[in-house]
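Peer 1: give the three-dimensional model of this entry:
(chains A, B and C)
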Amino acid sequence: MTGTVNAAFEINGITFDYEGIPAIRDLSLRIERGERVVLLGANGSGKSTLLRILDGLCFPTTGAVNFAGNPLTPEGLQRNGYGLAFRRQVALVFQNPDVQLFNPTVFDEIAYGPLQLRWSKENVLQHVDETLRVLGISHLKERAPYRLSGGEKKRVALASVLVLDPEVLLLDEPTATLDPKSQSQIVDLIQQWKGTTKTVVTATHQLEIVEDIADRVLVLEAGAVIGAGTPSQILSDADLLLRANLVHAHRHSHGSVVHSHPHRHGHSHHDHEHGPSGKS
Amino acid sequence: MSQSFIESTLQGFARAFSKALISEQAAIQPGLLQSLDPRVRVVGILALVIAVVLCHKLAVIGAVLVLGVVVAVASRLSVWSLATRVWFVVLGFTGLISLPALFITPGDRIVLVPELALSISAQGLRTAALLVLRVETAATLTTVLVLCTPWTHILKALRSFRLPTEIVTMLAMTHRYVFLLIETANQMFESRQSRMVGELTGPERRRMTARTAGVLLSKSVELSHEVYLAMLSRGFDGEVRLLTDFRFRVHDYFGLTGFILAACLAIWMGR
Amino acid sequence: MHIPDGYLSPSTCVTLYAFAASGWYSALNRVRRLLATRMIPLISVFAAFSFVVMMFNIPLPGGTTGHALGVTVAAIVLGPSGSILAVSIALAIQALFFGDGGITTLGANCFNMAIVGSVVAYGVYCLIAGKSEVGARRRAFAAAIAGYVSINAAALLTAFEFGIQPTLFHDASGTPLYAPYPLHVAVPAMMIGHLTLAGLAEAVISAGLVSYLQSSDIGLLRGIQGFPGMPGVANSVEDPSPVRLWWIVGFLMLCTPLGILAAGTAWGEWSSADLGNPAARVQIEASSGNRAAPSSVPAGLQKLSAIWTAPFPGYAPRFVKSAGFGYILSAMFGVGLLLLAALIATRIANGLGKWESRS
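Peer 2: Numbering: from 1, shown residues only, chains lettered A, B, ... in the order given. Predicted coordinates for the structure are as follows:
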């Protein structure tokens, strides 16, 4: 049994009900520090709820959640100083960026986290400028959120949590509704964290990005884990993907024979260069 | 026409967005007001508005109006845009309202219209002129301030004047989400408009409006819950901390003195 | 109903700002206690919602359209304190950013629409909805009446604020310095538009929204404690008994005699009879800087005063000696009329309900 020090998250048999409907059913998992995990599931599979539980925003009805050996409970987060420390260490990027962009300008948004964590004014200004530069959005500094495109909003949302330099990044559908260029920008960012001490948990239903951003994949369906493995193992298991509603079956006929088989959209193999942070 | 009430609502939405855009462009021009600290702008314009409300003399109010126009032009605002945004609107509304006052205010008769058995009194003329001129001047001053200053700067200036942080935060957040909700409502109305075939009856139209408002309400409450979680996630614990980085420079002192002097002069000469 | 800068005198503005400030202060404290950290996002987004609803063009019976305030729905869903804050914030943004309403008059506007509007709307709604089920038809009906009454109460208050201006604030020659119309002109002029259009629009949208919520999102009608993610502030439900609210309205009515500072008939509010009466003429001349009064009743005045003959000419029923008491009585009568209408409406609703369930 590896020491709990190495575990980022340990979840034991949790259930979570949302207005009487079970959203998570008897789920257990363990995420190590530095791992890049993908929670793969269709809408309604419970992956968003799971991310919020990992971020201490909602708490399971039964079972226990531990972060770095400490129990994640409402009382625990109220305890002196632990709440603030946790908020800095674990960051969640919401699926709908408008929810996360609640400040009047991009600058205010990125400065919000550091300000709430009571950094000094100089520190705040310095880190905000640095983060703007790294994400290539310095030109958006004084822009209001409603004037941003979808891709820009996602980048600002990412910037607003990266400025805190968190150890754990929880990403809820980071590439959904994005055009291909913005999508690849986000994927590149996530790839950069491979091999670092950053733990990244991404919830998505998009099969095409899984290989690039994950070391391990957990497949969710109706609030339970129905499969786990490496990306190549999971992506080649057509039945599993079908059960999880991630692919659909086509029925078609050849002459007098009718058959159906799982069919996946948008997958194409292509050759490309890997940068220094690429896969080995 | 069943579409016309939706159409005018949609036009209202479009106007709101265009106003925001114009304000954004005007705020970055290199003009007089834009060069002053936002706190000086807010205090200065406010002082002038208060002076106008305290003034009893037409000539002095007129002088403040002229001052307002001069400041506007110096801040790269076009007189025509002021006229269309403020002057014509006020004239149409307040001008119309004050018209009967010409005839029913008792006093010295100066004009008699025997055919209509109506007479205009000097007092009536003066009271109508006072009201219209005051409203025009105050509206001009406020418009100039708001067009040249981003909303966030106005709020930060208010924060410096000891308005509670929660109120300032709520004003900022409301402003930010107004545009999101207008966009949502816009989409809902447009999609309903495109699906409508033929005329709707009165009750159907009312139900449609109520349903649009209802969906908007549900979405708003849900949005507020999600925003709450997003705030918690980034360390919100009830206390709001803001960054104020306004610094007073030499010309800000001059600007402030100028505004205050003008206001005091107007009050003294207009009493 | 949004009053621009210049219609109200500085002292009126300051007084109403003071009234508004006390309303804001108590609402803020109460909402802080009820919602804790949830306050900022909930009130902000609801204020944005109110703002957008104010922009809707609402189709009315008869083919016209009107605009509503949304204060009734805010009061029903958030409770009166939350509604005071949310609607005040929406009004502030309208005034500052969109130029709808003045800055010196923001206190007045918030007092009339956000504070009195919320309190009256909530009170009437609770009174008529009574202990009926959250999903009952009676609730939509209650919302309609509450909307109609609260808009007209706010309009009446606004008209009153306009109407006392010429009396209190005029220069030596008798020129009104701010809003130029005395009470007996200002009140009917304002009320006509609101009794027919704005009041109806508010009634339509309030009833419509309550009906919609009853079928789609009924939790929102059970009060803010039922909202998603509410902190566990167990038993402090915001439901002050309507009786306490009527005390507040009563206190407001007692303030109406502020308009009476001069002895005798208020200046500018003379009737045609006064101008014909020699004794009254002396008084008129004395209070008008010793200028001669028109020798005959100005024809215009005669025409206009014939259009509107209030049931209480001069606001003072004959049997009342003191003018101040007369004002209070008139105000109480006005509000009483509204209450009576509400109670009759309740009876009708009950009767309809019984009839429906039988058939």
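Peer 1: ok, the closest residue to C:G70 other than its chain neighbours - how many residues close by?
Peer 2: The shortest distance from C:G70 to any non-neighbouring residue, by CB to CB, 6 or more residues apart in numbering or on different chains, is to C:V53 (4.0 Å). Backbone N, C-alpha and C define where each C-beta goes, glycine included. By other CB atoms under 10 Å in any protein chain shown, 27 other residues sit near C:V53.
Peer 1: contacting residues around C:V53?
Peer 2: Neighbouring residues of C:V53 by CB atoms under 8 Å, 6 or more residues apart in numbering or on different chains: B:213, B:216, C:68, C:70, C:73, C:205.
Peer 1: one more time with 7 Å
Peer 2: Applying CB atoms under 7 Å, 6 or more residues apart in numbering or on different chains, we find C:V53 in contact with B:213, C:68, C:70, C:205.
Peer 1: tell me which element the residue in chain C that chain A sits nearest to falls in.
Peer 2: In chain C, the residue that lies nearest chain A is C:P41 (7.3 Å; CB to the nearest CB). C:P41 belongs to helix C:39-53 when assigned by DSSP states H and E.
Peer 1: next secondary structure element downstream of that helix?
Peer 2: As assigned by DSSP H and E, the chain's next helix or strand after helix C:39-53 is strand C:58-59.
Peer 1: which helices and strands sit right next to that following strand?
Peer 2: helix B:202-233, strand C:65-66, helix C:199-216 (3 or more CB pairs under 7 Å, 6 or more residues apart in numbering or on different chains; DSSP states H and E).
Peer 1: hmm, 10 Å instead?
Peer 2: Helices and strands touching strand C:58-59, by 3 or more CB pairs under 10 Å, 6 or more residues apart in numbering or on different chains; DSSP states H and E, are helix B:4-27, helix B:202-233, strand C:65-66, helix C:199-216.
Peer 1: contacts made by that strand with the rest, please.
Peer 2: By CB atoms under 10 Å, 6 or more residues apart in numbering or on different chains, the residues outside strand C:58-59 that reach it are B:2, B:4-6, B:9, B:200-210, B:213, C:64-68, C:197-198, C:200-205, C:208.
Peer 1: tell me the residue of chain A that sits nearest chain C?
Peer 2: Nearest residue of chain A to chain C, counting by CB to the nearest CB: A:F102, 7.3 Å away.
Peer 1: how many other residues sit next to the nearest residue to that residue once chain neighbours are set aside?
Peer 2: Spatial nearest neighbour of A:F102, excluding adjacent residues (CB to CB, 6+ apart): B:V227 at 5.0 Å. By the criterion of other CB under 10 Å, B:V227 has 25 neighbours.
Peer 1: pretty sure A:L101 is one of the things B:V227 touches, is it not?
Peer 2: Yes: assessed by CB atoms under 10 Å, B:V227 is found in contact with A:L101 at 9.4 Å.
Peer 1: can you tell me the SS state at the closest residue to chain A within chain B?
Peer 2: Residue nearest to chain A within chain B: B:G235 (3.7 Å; CB to the nearest CB). State at B:G235, reduced to three classes by DSSP: H, G, I helix; E, B strand; the rest coil: coil.
Peer 1: repeat that for C:F19.
Peer 2: Assigned with three-state DSSP, C:F19 falls in the helix class.
Peer 1: show me the contacts for the closest residue to it other than its chain neighbours.
Peer 2: Leaving aside its chain neighbours, C:F19 sits nearest to C:F111 (5.0 Å; criterion: CB to CB, 6+ apart). By CB under 10 Å, 6+ apart, the contact set of C:F111 is C:15-24, C:84, C:88, C:105, C:117, C:154, C:157-158, C:161, C:252.
Peer 1: now C:F111. Its backbone dihedrals?
Peer 2: As for C:F111, its main-chain torsions (degrees, to the nearest 10) stand at phi -60, psi -50.
Peer 1: same deal with the one 4 residues further on?
Peer 2: For C:I115, the backbone dihedrals (degrees, to the nearest 10) come out as phi -90, psi -60.
Peer 1: how far away is it from C:I3?
Peer 2: Relative to C:I3, C:I115 is positioned 14 Å away (CB to CB, to the nearest Å).
Peer 1: which one's more surrounded, these two?
Peer 2: Remark: of C:I115 and C:I3, C:I115 carries more neighbours, 29 against 24, as counted by other CB under 10 Å.
Peer 1: the more buried one against C:Y25, yeah?
Peer 2: No: using CB under 10 Å, C:I115 makes no contact with C:Y25, being 11.2 Å away.
Peer 1: what's around the residue nearest to the residue of chain B closest to chain A when sequence neighbours are not counted, how many residues?
Peer 2: Leaving aside its sequence neighbours, B:G235 sits nearest to A:Q116 (CB to CB, 6+ apart; 3.7 Å). If you count neighbours by other CB under 10 Å, A:Q116 ends up with 21.
Peer 1: A:Q116 contacts C:T37, doesn't it?
Peer 2: No: using CB under 10 Å, A:Q116 makes no contact with C:T37, being 11.9 Å away.
Peer 1: common neighbours of the two, please.
Peer 2: Jointly contacting A:Q116 and C:T37 under the rule CB under 10 Å, 6+ apart are B:231-232, B:236-237, B:239.
Peer 1: please list which of those residues are also close to chain C.
Peer 2: Applying CB under 10 Å from any CB of the partner chain, the subset of those adjacent to chain C comprises B:231-232, B:236-237, B:239.
Peer 1: most surrounded residue in those residues?
Peer 2: Neighbour max across these (other CB under 10 Å) = B:M231, 24 neighbours.
Peer 1: mind checking how far that one is from A:F107?
Peer 2: Distance of B:M231 to A:F107, computed by CB to CB: 17 Å.
Peer 1: for chain A, what lies in contact range of chain C?
Peer 2: For chain A, the residues in contact with chain C (CB under 10 Å from any CB) are A:18-19, A:57-58, A:74, A:99, A:102.
Peer 1: give me the neighbour count for B:E183.
Peer 2: 15.
Peer 1: hmm, I typed the wrong one, I wanted A:A7.
Peer 2: Under the neighbour criterion other CB under 10 Å, A:A7 is assigned a count of 18.
Peer 1: closest to A:L27 among the ones next to chain C among the shared contacts of A:Q116 and C:T37?
Peer 2: Among these, B:L232 lies closest to A:L27 (CB to CB), at 22.6 Å.
Peer 1: contacting residues around that closest one?
Peer 2: With CB under 10 Å, 6+ apart, B:L232 has these contacts: A:55-57, A:77, A:83, A:87, A:92, A:116, C:37-38, C:41, C:229.
Peer 1: how about a markdown table for those, with secondary structure and pLDDT added?
Peer 2: Formatted as a markdown table, these follow (DSSP: H, G, I helix; E, B strand; the rest coil; pLDDT from 0 to 100):
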| residue | secondary structure | pLDDT |
| --- | --- | --- |
| A:D55 | coil | 94 |
| A:G56 | coil | 92 |
| A:L57 | coil | 93 |
| A:L77 | helix | 87 |
| A:G83 | helix | 87 |
| A:R87 | helix | 91 |
| A:L92 | strand | 96 |
| A:Q116 | helix | 88 |
| C:T37 | helix | 85 |
| C:R38 | helix | 88 |
| C:P41 | helix | 93 |
| C:G229 | coil | 58 |
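Peer 1: check those for burial and list the buried ones.
Peer 2: Neighbour counting over the contacts of B:L232 (16 or more other CB atoms under 10 Å in any protein chain shown) leaves A:55-57, A:77, A:83, A:87, A:92, A:116, C:37-38, C:41 as the buried ones.
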